[in-house]
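J.: Fold the following, please.
(2 chains)
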Amino acid sequence: MIWRVVALISGALAILAGALLSAHVGPMEAIRTLLHGSLGSPAAIGGTLRETSPLLIAGLAVFIALRAGLFNIGVEGQLLCGAASCTYVALKIPNVAGMLLGILVGMLAGALWALPAGLIKAYRNGHEVITTIMLNNVALYLTSALVSGPLKEKGQQDTTTATVADATRLPWIYNHPPVQVNIALIVGVLAAFALAIWLKKTVAGYQLQAAGANPTAAKFAGISTARTTLLAMTVSGAIGGLAGAMQVLAYEGRFYDGFSPGYGFDALGVALLAGSNPLGVLPSSLLFGILAKGGIALQIDGVPKGITTVVLGFLILIAAVVRYRKVNTVA
Amino acid sequence: MLSLLLLTVALSTPLILAAMGGFTSERGGVINIGLEGMMLMAACADALASPKFGPVGGLLIGIFAAVCISLLHWLVTQIYKIDHVISGMALNAIAAGGTNFMHLKFTDEAHKGSVPNFPTWVFYILAFVIPIVLWGYVRQTRGGLRLLAVGSDPDKARLMGVQPMRVRFFGLLATGVLTGIAGVELVAYTGVFTDNMTAGRGYIALAALILGGWRPLPALGACLAFGFFSALQVQLQGTPVFGISIPAEMWAALPYLVTIVALAGFLGKNRTPAGLGRA
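T.: Next comes the predicted model:
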């Protein structure tokens, strides 16, 4: 088995090196640029942490569903719904109450957006991957229609909402520009610990993991797999919505067309690399954050950013091969 | 009226070709959400190659690019036995990033905007012939029946002496060829490659395949229906229907909504191949 993994890794490296060399970029130089751009200076580290923040929370969303044996590819859509609804609330109530309510509404919107996929999986045995892909696209068009219609700021050319008042936004815990760390990152870290405790110490968490590890055994042990499926999907959706709400209140301050550059999809890679412990999401989201921020540095250096996406794709494949994790996906 | 019909055919063609690619993969039991990436790869390769090698060379290189991705899918799902969905997602990422890299780095500025290609009617004809050929193939030939057998129950197929791994190799080879043609058609239709130009067509094709109950001719019908709605949206351009103006986004979201309803089991019985996703 080990030589196969080695073969795959060397194949991936050869493809990447070949692509870089044919574009007249030295691979070592590209790696140096990437690391320097993401970790080389305080400003770069601040940027990396900012990129990490949504990936961490969205990664947790995918992770929790994965523990129950479900692929929540719909985090992208849940994030968009959470972000749009949170922006709406935060604009209506421009104070701290609006911030807290916005977060709650965002989580609720995310959970509701994941619910159909959970229901169809639990009671109709429809594959959650397909339903969540479809829901993603519906969410994309729905939020796009909302910001170009009812939620659009008056007199604004671009399809964007108005900007949320400063009082409604999440505070910075370390604010010495160029380095800024938002409380959203701390929320993400705390959420990872909370999930770790929930999965380990509570009955519901145990049942959820049991159903994910072996649905048949779980059923014979008296665990309702329909209920754990619904629970996992709604919790996952709520965290996905939280990721969107945090992104609005911490960094973006508004919702606009093209809000997410694919956080939900990157989050799938984050969760797959994380292993079986929620705390594993912390380093894996940091790795994705480094790649995202370093990709921008590469872009400035004339290397298209897409190369980092290729790296992520291969990382996901290799992680899946190494872990030999066959999640039950029989429709 | 005629222009609406023509537009329907034009917009359905890439969907049909990609859906047939999904058919040869999924009926063999390999879940394939990588259709999007395969199309994208083919489109990019064609746009880069046709200015140098002409339409035929562009088509062949485009197909080759899509086949590379689909055989990588075969390799990791069948040999390494990783989950089909993970592989599909990873391949979509590789294709999206890879095409972004390739077209920014290698596009010949002199040929930007005018990629030589086949006339689009060639693809329209293929889009109607291929589903019929596939329909006959899976019912009447040994290879086709083997594909269905492997997709329905890989273990039983193995007992009968049919190697799922081998059958799926040819299934995914066909997937690469068909999604490759679909990707090349996109470039032939628009004349250029743009970043992420498939814009979810791979997923709509998958939706059509599911709506068609994993059968070629009903899937063809579903693609035509989706194409018709997009054509209608283009022609209406926000003109009110019965006094209500429907946002363009609603039309665009319609295929996905219908598929969700179908998956909920409200439209006919569940026809998912029983061996889908199994080793």
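J.: I figured residue A:167 hits residue A:94, correct?
T.: Yes: using Cβ atoms under 8 Å, residue A:167 is in contact with residue A:94, at 6.2 Å. In this view, the C-beta of every residue, glycine as well, is placed from N, C-alpha and C.
J.: so who does residue A:280 touch?
T.: If you count contacts by Cβ atoms under 8 Å, 6 or more residues apart in numbering or on different chains, residue A:280 has them with A:273, A:274.
J.: Residue A:14 sits in which helix or strand?
T.: helix A:2-22 (DSSP states H and E).
J.: which helices and strands does the next helix-or-strand element following that helix pack with?
T.: Once the chain leaves helix A:2-22, the next helix or strand it forms, by DSSP H and E, is helix A:27-39. Contact analysis of helix A:27-39 by 3 or more Cβ pairs under 8 Å, 6 or more residues apart in numbering or on different chains; DSSP states H and E lists helix A:2-22, helix A:42-67, helix A:281-300 as its packing neighbours.
J.: all helices for the chain, in order.
T.: You didn't say which chain, so I picked chain A. Taking DSSP state H as the criterion, chain A carries its helices at A:2-22, A:27-39, A:42-67, A:75-92, A:96-124, A:128-148, A:183-201, A:203-213, A:215-220, A:225-246, A:263-274, A:281-300, A:306-323.
J.: nope, chain B please
T.: Ranges of helices in chain B, per DSSP H, are B:2-26, B:35-74, B:84-106, B:120-140, B:142-152, B:154-159, B:164-190, B:201-211, B:216-236, B:248-263.
J.: who in the stretch 101-250 of chain A is up against chain B?
T.: Residues of the stretch 101-250 of chain A lying close to chain B by Cβ under 8 Å from any Cβ of the partner chain are A:116, A:119-120, A:124-127, A:129-131, A:133-135, A:137-138, A:141-142, A:144-145, A:148-149.
J.: if I look at residue A:34, how far off is residue B:2?
T.: From residue A:34 across to residue B:2, the span is 54 Å (Cβ to Cβ, to the nearest Å).
J.: Equivalent analysis for residue A:311, please.
T.: Remark: distance between residue A:311 and residue B:2 (Cβ to Cβ) = 49 Å.
J.: These two - which one has more neighbours?
T.: Comparing residue A:311 with residue B:2 by other Cβ atoms under 10 Å in any protein chain shown, the one with more neighbours is residue A:311, at 19 against 6.
J.: and residue A:111, what pLDDT?
T.: pLDDT recorded at residue A:111 is 96.
J.: Can you report how many residues lie near it?
T.: The local packing of residue A:111 (other Cβ under 10 Å) involves 23 other residues.
J.: Who are the contact partners of it?
T.: Residues in contact with residue A:111, defined by Cβ under 8 Å, 6+ apart, are A:78, A:234, A:235, A:237, A:238, A:241.
J.: burial count for the residue nearest to the last one when sequence neighbours are not counted?
T.: Excluding the flanking residues, the one nearest residue A:241 by Cβ to Cβ, 6 or more residues apart in numbering or on different chains is residue A:110, at 2.0 Å. Residue A:110 is flanked by 35 other residues according to other Cβ under 10 Å.
J.: who's in contact with residue A:110?
T.: A:61, A:78-79, A:81-82, A:237-244.
J.: would a markdown table of these with distance to residue B:41, pLDDT and neighbour count be doable?
T.: Output for the contacts of residue A:110, formatted as a markdown table (distance: Cβ to Cβ, whole Å; pLDDT from 0 to 100; neighbours: other Cβ atoms under 10 Å in any protein chain shown):
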| residue | distance to residue B:41 | pLDDT | neighbour count |
| --- | --- | --- | --- |
| A:61 | 29 | 96 | 35 |
| A:78 | 29 | 96 | 36 |
| A:79 | 27 | 96 | 36 |
| A:81 | 31 | 96 | 29 |
| A:82 | 32 | 96 | 36 |
| A:237 | 32 | 96 | 35 |
| A:238 | 36 | 97 | 24 |
| A:239 | 33 | 97 | 31 |
| A:240 | 29 | 96 | 38 |
| A:241 | 33 | 96 | 34 |
| A:242 | 35 | 96 | 28 |
| A:243 | 30 | 96 | 34 |
| A:244 | 30 | 96 | 37 |
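J.: Could you find the closest non-adjacent residue to residue A:171?
T.: Of all residues beyond its chain neighbours, the one nearest residue A:171 is residue A:183 (5.7 Å), with distances taken as Cβ to Cβ, 6+ apart.
J.: wait, the one you found sits on residue A:173?
T.: Yes: contact criterion Cβ under 8 Å: residue A:183 and residue A:173 qualify, at 5.3 Å.
J.: Of those two, which one has the most company?
T.: Neighbour tally, residue A:183 and residue A:173, criterion other Cβ under 10 Å: the higher count belongs to residue A:183, 17 against 12.
J.: Next, name the residue at the spatial heart of chain A.
T.: Residue closest to the average C-alpha location in chain A (Cα atoms, centre = their mean): residue A:58, at 2.7 Å.
J.: Where does the prediction get shaky in the chain?
T.: Reading this off chain A. A:1, A:324-331 (pLDDT under 70).
J.: think we crossed wires, I meant chain B
T.: The model of chain B has pLDDT under 70 over residues B:110-114, B:237-245, B:267-269.
J.: Mind doing that once more with 80?
T.: B:1, B:107-116, B:233, B:236-249, B:251, B:265-272, B:277-279 (pLDDT under 80).
J.: Residue A:16 reaches residue A:25, doesn't it?
T.: No: applying Cβ under 8 Å, one finds residue A:16 not in contact with residue A:25, separated by 10.8 Å.
J.: who touches stretch A:136-143?
T.: Contacts with stretch A:136-143, where a contact means Cβ under 8 Å, 6+ apart, come from A:73-74, A:76-78, A:80-81, A:83-84, A:113, A:255, A:257, A:259, A:264, B:200, B:203, B:249-250, B:252-253, B:256-257, B:260.
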